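Asker: got a structure for you, letters missing:
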């Protein structure tokens, strides 16, 4: 008769949180406040952007210049009011974590040995927007209302951007392929 011993998989986050519930509650409250603050800063900025004339109140009158300016100003204010305090909170949390004894981290299987993902993380959409903004600027449509863009113009711009991406990726790929062929042909059997 054999007896199987069950090994608990994963980490013991539940025990860890029960032991350090006060600091956990502080960080949960800070995360909730940061989210609420980010929403409030966004609403505040939208109202001020319209009243100061940074952007037109009617979306149909926005230009690419208005859009880029709006995004850059919004990022600035979010970083000032939310990002800096969040970074300070993260540094405080990291310092607290570093002061925990290694034995306790090992006890809860929280030693930091985790797998990493190799996903892009959604970086493609911002890059396509930047490429579209460059295309609009090059075409001279920077201060033209976006509502006047035709479907043909937008589709043609997207195709041009795809051609740019293929050209940018194809040049190093071709050089690498030629190098590999040259390297393989010079190998001695």
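Answerer: Arrived safely. All values reported here derive from a predicted model rather than from experimental measurement.
Asker: any weak-confidence spans in the protein?
Answerer: For the chain, applying pLDDT under 70 flags the ranges 1-11, 108-121, 189.
Asker: for it, longest helix please?
Answerer: The longest helix of the chain (DSSP state H) is helix 151-185.
Asker: now do the buried residues in it.
Answerer: 157, 161 (16 or more other CB atoms under 10 Å). For the C-beta atoms, the positions are set from N, CA and C on the backbone; glycine is no exception.
Asker: from the chain's centroid, how far away is that helix?
Answerer: Relative to the chain's own centre, helix 151-185 is displaced by 25 Å; criterion: CA atoms, centre = their mean, to the nearest Å.
Asker: do stretch 18-29 as well
Answerer: 26 Å.
Asker: distance of residue 169 from residue 101?
Answerer: Distance, residue 169 to residue 101, using CB to CB, to the nearest Å: 49 Å.
Asker: residue 64 against residue 134, yeah?
Answerer: No. Here residue 64 does not reach residue 134: they are 9.9 Å apart, not a contact under CB atoms under 8 Å.
Asker: so which of the two has more stuff around it?
Answerer: Shown here are residue 64 and residue 134; by other CB atoms under 10 Å, residue 64 has more neighbours (21 against 14).
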